[in-house]
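**Student:** Provide a 3D model corresponding to the input given below.
(2 chains)
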Amino acid sequence: MEFLNEIVLLADSTLRIATPLILAGLAGLVAERGGVVDIGLEGKMLAAAFAAAAAAAVTGSPWMGLFAGVGASVALALLHAYVAITQRGNQIVSGMAINIAVAGMAPTLANFWFKKGGQTPLLSGDARFESMTWPFAEELADVPFVGAVYSEIISGHNLITYMAILLVPITAWMLYKTRFGLRLRAVGENPEAVDTAGISVARIRYQAMIIAGILCGLAGTVLSTGLGAGFIRDMSAGKGYLALAAMIFGKWKPVPTLLACLLFGFVDALQGRLQGVELPLIGEIPVQFTIMLPYILTVAILAGFVGKIQAPRASGIPYEKDH
Amino acid sequence: MTKALAIETRDLSKRFGEVRANDRISMQIASGSVHGIVGENGAGKSTLLKMLFGLYTPDDGEILVDGESIKFADPAAAMAKGVGMVHQHFMLVEPFTVLENIILGAEGSRNLDEAKDAARVVLLELEKKFGFNLPLDEPVENLAVGVRQRAEILKALYKGAETLILDEPTAVLTPQECDQLFALVELLKGQGKTVLFVTHKLHEIMAVTDDVTVIRAGKVVATRKTTETSAEELAELMVGAKVVREVAREKHKEHKLRLALKSVSCTNDQKQTALKAISLEVYDGEVLGIAGVAGNGQTELLEVITGLRDVSAGSIEMSDVIVNAHGVSTDPISLRCMGMAHVAEDRLKTGVVESMSARDNIMLGYQREPDFSKHGILKLKDIAAKADEYFESQDVRPRNPSLPIGSFSGGNQQKIVIAREIARNPQLMVIGQPTRGVDIGAVTKIHDQITELRNAGKALLVVSADLDELLAISDRIAVMCEGEVIGVMPVEEADERTLGLMMAGQRLDQTANAGSV
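**Tutor:** From the prediction side, this is the model:
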């Protein structure tokens, strides 16, 4: 019983931790399937986290926070799109510039507006996306196992976590079952074929970047108004890069990307649980080692276990149109 | 009798900087005819086609489709007027199925499944009409080149093409696939389509076209009825002077075995078998030509010989020394010291460094030699003098070695590379695609140089995709197919038909039988 309970709790925090990864992973997937490398996920997420927390703190409404978070992320996505698509600049440089600029700008603005040492004020309950308790969750909580699964894993998450899960099949449907998806995949593979078919490559790529901006904005918003209660310095903590790694591990496909994000989330949840736990034979694992787990896993996966993978062939290459 | 015109151009001009790529091109293409356009590489054929298909905007002049003056803003506008094009480099998305590639950009419904179902009905109808039988649900990356080309043609027809532009359609095909293409062109014409057939191979023009327009240096130099002209006349018109294709060749006297491959096998980058127990010999004073459709192991063959790839079985001997075998490998520098020179198949990838000056490129691979450096410091003056010397002897234009080598034309780049490689007086020359992307003037010069080296008693191995070239310069020709040597024959016994059958995998005795049927 104790053990089962432990597993349920682990699954619950896996889902929580994986939420921003899933959203950012989908954002990276849409961008790269369209041929634009988006290493600026980290910066967009952080900007969205700040904008969402700031707007929620001022207005007291999480919805205003969501609006501001997504707005900030889309604005940065369009900046990246302008550099990468219209000006045919280097996409890595542009993405890194966004990451570095946001890492400095967000705490500076926070300090300027709120005078709390680079943070936003702590958000109260109704200014956040709070956990949603599903019908009968409390009544069923005591039913062995099934009750625990229902009330802990299925019920009790914030709205954006549910959205993240729903967005996986929606993204897959968009990619594989719609006209836009066909064209999006085509510009990521062979933009010339799309151009000669009479479709604007730039237009499709801009649309992809806007979608990526929205998804990434949701990821940032959930960090500061769903999982956390306000913005703190560097709160994205490499999740943007981790999401990129998950997307590559997931071979640029929605469902495998979801599974990769859940795996990263699980290892992170596990390391949280392992802190201070006495293991038989080994004894207590120093916290420095447990914290390393997700990163070691990333390196191991990307170095060895992924095997041969084919990225979208035109990803990262600016499209030069003849005139 | 005047037939209706499918396409007419009037004084169509396009310039890039100082270069007049197309200079007042006027031509008339009769509806329902097969019209050939011939010209050398760089004569301006591609520019013309791109204007007809809406990829380039003309600077001047006009295009008339069915007698109506049209300005194409983009390919969509051209397709709307019934102009379709099959590009030299196919415009296909490799992981997509044939069906997905065909509907891309003309899906109709936003719902992909509905779009595919609707397209399938129309396509089956079209396939019946034009005798296609394409695997609609197979990813394009799994298909042979000839099948991909048919997919491109079907795509154009699906999008309503009445006039089909085929840009160098035979460049990537085997002779047999070419015959199928010619038959298809006939069929298209029979169904009332107009075909614009663009090539620089004259026998194709003679085989399939009704009319032919010759372009030289951006201008129309002649238009002829195909029945009233000959390949010789067209060649003259194309080049502007009489061409003599025969290369003077002395019979070789020496017979020292210079390079021997004994049952050599190797794998490619994907760990698949690329060479299967290949045995070849190259003697001093001869040119061994290697023929084959691109991708049948020629690249790997060049790599194992030049020390860029290890063999998995067998051995390679140069000047009676084992240089590459299981457990033995010799790096390219040592091979150079032993007297091997290498003109790389993919010039821009392995032959030169595109962004570096021509001057720096002339010493690449030889930078340690005492003429070029001392104690690791480059002798810039000596290098500059050597570059000037090469430019003079090879007639490289423009005469400015400080320009990046990437800004020279393909022919001039190749002349620089060849000058570099023959400067050390090598005993064995390994040459991949000696004249790929090279203009006709330079081709003659390069062929002459190869023959001179041969007459001077050097051993040469030349891989080329151009059968005419191999027939002109080789003493013996080996044909490769799927990593095997199908046969080796003296050039006197070789002709295009036999070589073509061998390139498709038929062994010599079989081709002899096929010949008698």
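
**Student:** give me the nearest residue to residue 113, chain neighbours excluded.
**Tutor:** Answering for chain A, as no chain was given. Spatial nearest neighbour of A:Trp113, chain neighbours left out: A:Ala54 (6.7 Å); criterion: C-beta to C-beta, 6 or more residues apart in numbering or on different chains. Every residue, glycine included, has its C-beta placed from N, CA and C.

**Student:** sorry, should have said chain B
**Tutor:** Excluding its sequence neighbours, the residue lying closest to B:Asp113 (C-beta to C-beta, 6+ apart) is A:Lys177, at 6.4 Å.

**Student:** ok, B:Ile215 next?
**Tutor:** Nearest residue to B:Ile215 in three dimensions, chain neighbours excluded: B:Gly39, at 3.7 Å (C-beta to C-beta, 6+ apart).

**Student:** avg pLDDT for stretch A:34-50?
**Tutor:** Taken as a whole, stretch A:34-50 has a mean pLDDT of 96.

**Student:** show me where chain B dips below the pLDDT cut-off.
**Tutor:** Applying pLDDT under 70 to chain B flags the ranges B:1-3, B:17-19, B:41-42, B:239-254, B:440, B:508-517.

**Student:** got the domain ranges for it?
**Tutor:** Using automatic domain parsing, the domains assigned to chain B come out as B:1-82+B:162-242, B:84-160, B:257-516.

**Student:** state which one residue of the stretch 201-350 of chain B is found closest to chain A.
**Tutor:** B:Gln270 (8.6 Å; C-beta to the nearest C-beta).

**Student:** host element of that residue?
**Tutor:** Following DSSP states H and E, one finds B:Gln270 outside all helices and strands.

**Student:** list the helices and strands the host helix or strand of B:Leu453 packs on?
**Tutor:** Taking DSSP H and E as the definition, one finds B:Leu453 inside helix B:440-455. Helices and strands touching helix B:440-455, as assessed by 3 or more C-beta pairs under 8 Å, 6 or more residues apart in numbering or on different chains; DSSP states H and E, comprise strand B:286-291, helix B:410-422, strand B:428-432, strand B:459-463, helix B:467-473.

**Student:** nearest to B:Phe372, out of those?
**Tutor:** helix B:410-422 (11.0 Å; C-beta to C-beta).

**Student:** got a list of contacts for the closest one?
**Tutor:** Contacting residues not belonging to helix B:410-422 are listed as B:41, B:341-344, B:347, B:351-352, B:358, B:361-366, B:390-391, B:393-397, B:405-406, B:408, B:429, B:434-439, B:441-443, B:445-446, B:449, B:453 [C-beta atoms under 8 Å, 6 or more residues apart in numbering or on different chains].

**Student:** restricting to C-alpha, output it in CSV.
**Tutor:** The C-alpha coordinates for helix B:410-422 follow below in CSV (Å, rounded to 0.1, in the frame of the first residue of the first chain):
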residue,chain,number,x,y,z
GLY,B,410,33.0,25.2,-63.2
GLY,B,411,35.4,24.8,-66.2
ASN,B,412,37.9,27.2,-64.8
GLN,B,413,37.8,25.7,-61.4
GLN,B,414,38.5,22.3,-62.9
LYS,B,415,41.4,23.7,-64.9
ILE,B,416,42.9,25.0,-61.7
VAL,B,417,42.5,21.7,-59.9
ILE,B,418,44.0,19.7,-62.8
ALA,B,419,47.0,22.1,-63.0
ARG,B,420,47.5,21.5,-59.3
GLU,B,421,47.3,17.7,-59.5
ILE,B,422,49.6,17.3,-62.6
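
**Student:** before we move on, the earlier item: next, the angle from the helix holding B:Leu453 to strand B:428-432.
**Tutor:** For helix B:440-455 against strand B:428-432, the angle by axes from the mean of the first three to the mean of the last three C-alpha atoms, to 10 degrees is 150 degrees.

**Student:** alpha carbons of helix B:440-455, as PDB, please.
**Tutor:** Taking C-alpha atoms only, helix B:440-455 is exported to PDB below (Å, rounded to 0.1, in the frame of the first residue of the first chain):
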ATOM      1  CA  ILE B 440      32.500  22.800 -73.900                       C
ATOM      2  CA  GLY B 441      35.600  24.900 -74.600                       C
ATOM      3  CA  ALA B 442      37.200  23.700 -71.400                       C
ATOM      4  CA  VAL B 443      36.100  20.100 -72.000                       C
ATOM      5  CA  THR B 444      38.200  19.900 -75.100                       C
ATOM      6  CA  LYS B 445      41.200  21.200 -73.200                       C
ATOM      7  CA  ILE B 446      40.700  18.800 -70.300                       C
ATOM      8  CA  HIS B 447      40.400  15.800 -72.700                       C
ATOM      9  CA  ASP B 448      43.600  16.800 -74.500                       C
ATOM     10  CA  GLN B 449      45.400  17.000 -71.200                       C
ATOM     11  CA  ILE B 450      44.200  13.500 -70.200                       C
ATOM     12  CA  THR B 451      45.400  12.200 -73.500                       C
ATOM     13  CA  GLU B 452      48.800  13.900 -73.200                       C
ATOM     14  CA  LEU B 453      49.300  12.300 -69.800                       C
ATOM     15  CA  ARG B 454      48.400   9.000 -71.200                       C
ATOM     16  CA  ASN B 455      50.800   9.400 -74.200                       C
END
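
**Student:** ok so, going back, of all the helices and strands packed on helix B:440-455, which one is nearest A:Ala77?
**Tutor:** helix B:410-422 (40.8 Å).

**Student:** got the angle for the closest one vs helix B:440-455?
**Tutor:** Here the directions of helix B:410-422 and helix B:440-455 differ by 20 degrees (the same axes, to 10 degrees).

**Student:** and helix B:410-422, how far out from the chain's middle?
**Tutor:** 18 Å (C-alpha atoms, centre = their mean, to the nearest Å).

**Student:** picking up where we left off before, OK, contacts around the residue nearest to B:Ile215?
**Tutor:** Taking C-beta under 8 Å, 6+ apart, we find B:Gly39 in contact with B:45, B:200, B:214-216, B:238.

**Student:** hmm, who's touching the particular helix or strand that has B:Leu261 in it?
**Tutor:** For B:Leu261, the host element (DSSP H and E) is strand B:257-267. Strand B:257-267 is contacted from outside by B:273-284, B:300, B:303-305, B:309-320, B:324, B:427-428, B:459, B:461, using C-beta under 8 Å, 6+ apart.

**Student:** cool, and stretch A:129-144?
**Tutor:** Contacts of stretch A:129-144 (C-beta under 8 Å, 6+ apart): A:1, A:62, A:66, A:146-148, A:150-151, A:154-160, A:162, A:221-222, A:225-226.

**Student:** now intersect these with the strands, please.
**Tutor:** Among these, no member is found in strands (DSSP state E).
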